[in-house]
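[1] build me a structure from this.
(4 chains)
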2 protein chains.
Amino acid sequence: MDSTKEVTIYDIARILNLSASTVSRGLKDHPAIHKETKRRILQTARELGYQHNTFASNLRQKKTHTLGVIVPRLNSYFMSTVIAGIERIVNEAGYNLIISQSLESAEKEKSSVETMYNSRTDGLLVSVAYDTPDLHHLDVIFKKNIPLVFFDRTFDHPDCVSVVIDNFKAGFDATSHLLQQGCKKIIHVGGNLARNVYADRFRGYKTALESAGQKFSSDMFILHALNENTGKEIIHQILNMDPKPDGIFTSNDTSAVAIMQELKIAGLRIPEDIAIVGFNNDPISKVIDPNLSTINYPGEEMGEIAATTLLNILRDERTKHFNTIILKHELIIRKSSLRLSAT
Amino acid sequence: MDSTKEVTIYDIARILNLSASTVSRGLKDHPAIHKETKRRILQTARELGYQHNTFASNLRQKKTHTLGVIVPRLNSYFMSTVIAGIERIVNEAGYNLIISQSLESAEKEKSSVETMYNSRTDGLLVSVAYDTPDLHHLDVIFKKNIPLVFFDRTFDHPDCVSVVIDNFKAGFDATSHLLQQGCKKIIHVGGNLARNVYADRFRGYKTALESAGQKFSSDMFILHALNENTGKEIIHQILNMDPKPDGIFTSNDTSAVAIMQELKIAGLRIPEDIAIVGFNNDPISKVIDPNLSTINYPGEEMGEIAATTLLNILRDERTKHFNTIILKHELIIRKSSLRLSAT
DNA sequence: CTGTTAGCGCTTTCAT
DNA sequence: ATGAAAGCGCTAACAG
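    Model (predicted):
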């Protein structure tokens, strides 16, 4: 009825004729407390509708039990899957989450870091923006020894763990597959090479070409932000190439689909005239006709692992932890790249 | 260098020969503090690298400056758009966000509510799960007078504002459009009618049929959870109808696309044999061939409005606030339903 | 316009 | 196995 009064450990203590310290210990299952006493504490706590007050606890312990997440954007299938994974782990561990999006801008990322810092998050999970030049905006974080785990779009830093897939290998696999399908001129559409993911995929692509004895020339790499507009904005560049490419490897499915739509408008057949492989295994890859071959990206798992790693570091700072955790990717072959029927 | 010591208002007070209260007031721009004093306080605060301690403040004020969001799922385009909108508003207002997903289960939703309650969120933004039967799990929230705003999937409650689109009208619009295109038998694929969104769209559909003088019979409504499997799971039911439908209105794009794929496999032409309209304006609607007609759902705006409303209630509890806020939707006509070429 | 004072609810030595 | 006491950093009467 009286909804304003907080039930505190003192209320419990008074009722049971105990001290607040004993109640506090009992509530956290402290080994030194008698079993029966614990039981009684727990029971009256329940009866009174006691709620642990995080703020008093945080204030006292100088820990917030809050983790911060900074991502480029929330509204992509990949990212929301990652967040879902993080959310699950973090909630189970009794931590809270603060999420902030950098909107792909280094500047907004900086202000996100400040927000996190001011909220005194115990740890940070970060995937950097498209154009983040360096890690200076994280200096406050490092100076305070706040643990930070990068995922997907990472930076090398001695104190940070990174959770990634093997983007080099993935780029290599995608390109090799196109080569096996008989493609003679495969181009690559990728993002800012300052980002590990795009750089590694690009290297994988080049290496695959070279191991197949094909030459790479700089006009075979098209740099683009990789979004819904990619198709319209680069289609002419593709169509004007001489000789025309017969294979495309793009660094995400969104751009792959956008390109496919333009190719179809231009009257090219996929995969007969031009084969294509995307990246991420976004649901749209199964909607576009023909279905898009792609690299499966274990988003939820990445979120879970990144969160688990951060929690481990938090639990035991001395742990000599890994520097990089590499998750398994998988090439998914669908019609958009299938020129040779398999045996 | 010494990274462990917190700078407090007492440090600032000591340096400036002031009291902690004056510093506290100065920092919050209290009107009663001399301008020059404020300036000095702000300056030394900056020099010392002072950070406001939210926990001490929360503990004292019994406010958390944290809002909770409970949604069925994070990984749909619609929902991540809504969240993006909420995040922007809430961050700008200096609040934090705790996000939890019910995974479409009433039970998990209940435990989400508990989490929120225990984190003492100042307010809640909720879109209910697919099978939530009632509002009992929110009783704790209401009893504590924690303001709650529903969005999209709402419940009627005297103390809650709901932010929605006019789902009845949207269903009516979609169906009327199909009727105008000459469809003689339009079926509806929708979700649990205990959810306002599905019930309202269904009513809109029926009303449109009736105003056009067409009869509705119960077999024309197919109940389904509306996901990627919808197509496979209901295609036989559709194909076996007698007479076969020549129009479908589904309550989301995911299911619309799944159905279209099955229809194409069955050799039916869209829209010639069967026209279709979806719901949400998900990006996949522009990927599927033919492009899917749909209802545009202003997700980001819905997030922004819901968050703004909640913040307003928080700022001024006495405000006699709205009961329902209805955002504008829009019918987007694409090829999947275009049987008559417009003049 | 500024200072004094008294907690918010919890944890944690240090005792016993 | 339990208790006493101090304090985390801030705010809000109240007083002047």
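[2] next secondary structure after the helix or strand of chain A with the lowest mean pLDDT?
    Scoring the helices and strands of chain A by mean pLDDT, DSSP states H and E places strand A:96-101 at the bottom, with a mean of 85. Downstream of strand A:96-101, the next assigned helix or strand under DSSP states H and E is helix A:106-118.
[3] got the angle for that following helix vs strand A:96-101?
    Following axes from the mean of the first three to the mean of the last three CA atoms, to 10 degrees, one obtains 160 degrees for the angle between helix A:106-118 and strand A:96-101.
[4] which residues touch helix A:106-118?
    A:68, A:70, A:98, A:100-102, A:124, A:128-129, A:131-133, A:137-138, A:140-141, A:144, A:146, B:51-52, B:54, B:91 (CB atoms under 8 Å, 6 or more residues apart in numbering or on different chains). C-betas here are computed from N, CA, C, even on glycine.
[5] put the alpha carbons of that helix into CSV.
    The C-alpha trace of helix A:106-118 is given here as CSV (Å, rounded to 0.1, in the frame of the first residue of the first chain):
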residue,chain,number,x,y,z
ALA,A,106,34.2,9.1,-35.5
GLU,A,107,33.0,12.3,-33.8
LYS,A,108,29.8,10.7,-32.4
GLU,A,109,31.9,7.8,-31.3
LYS,A,110,34.0,10.1,-29.2
SER,A,111,31.0,11.4,-27.5
SER,A,112,29.7,7.9,-27.0
VAL,A,113,32.9,7.1,-25.2
GLU,A,114,32.4,10.1,-23.0
THR,A,115,28.9,9.0,-22.1
MET,A,116,30.2,5.6,-21.2
TYR,A,117,33.0,7.1,-19.2
ASN,A,118,30.6,9.3,-17.3
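[6] contacts (any at all) between DNA strand D and it?
    No - remark: helix A:106-118 sits outside contact range of DNA strand D, by CB under 7 Å from any atom of the strand, the gap being at least 11.0 Å.
[7] tell me which strands the helix or strand following that helix pairs with, and in which orientation.
    Later in the chain than helix A:106-118, the nearest helix or strand by DSSP H and E is strand A:123-126. Strand A:123-126 has the following strand partners under DSSP bridges: strand A:66-71 (parallel), strand A:148-151 (parallel).
[8] could you dump these into CSV and include distance to residue A:45?
    Shown next, in CSV, are the strands paired with strand A:123-126 (distance: least, CB to CB, whole Å):
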stretch, distance to residue A:45
strand A:66-71, 24
strand A:148-151, 35
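[9] mind putting those strands into TSV with mean neighbour count?
    Below are the strands paired with strand A:123-126 laid out as TSV (neighbours: other CB atoms under 10 Å in any protein chain shown):
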stretch	mean neighbour count
strand A:66-71	26
strand A:148-151	26
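[10] which one, of those strands, ends up nearest to residue A:332?
    strand A:148-151 (21.4 Å; CB to CB).
[11] pull the number of nearby residues for residue A:146.
    20 (other CB atoms under 10 Å in any protein chain shown).
[12] mean pLDDT for the strands paired with strand A:123-126: which is lowest?
    Sorting the strands paired with strand A:123-126 by mean pLDDT places strand A:66-71 lowest, at a mean of 93.
[13] write out the residues of the stretch 1-150 of chain A neighbouring DNA strand D.
    So the stretch 1-150 of chain A meets DNA strand D at A:13, A:17-22, A:25, A:31-34, A:37, A:56, A:59-60, A:62 (CB under 7 Å from any atom of the strand).
[14] which of those residues are close to chain B?
    For chain B, the contacts drawn from these by CB under 8 Å from any CB of the partner chain are A:56, A:59, A:62.
[15] highest neighbour count among the residues you listed?
    residue A:59 (19 neighbours).
[16] so who does the residue nearest to that residue when sequence neighbours are not counted touch?
    Computed as CB to CB, 6 or more residues apart in numbering or on different chains, the closest residue to residue A:59 that is not its neighbour in sequence is residue B:55, at 4.3 Å. For residue B:55, the contact set (CB under 8 Å, 6+ apart) comprises A:55, A:56, A:58, A:59, A:64, A:120.
[17] nice, that's everything, thank you.
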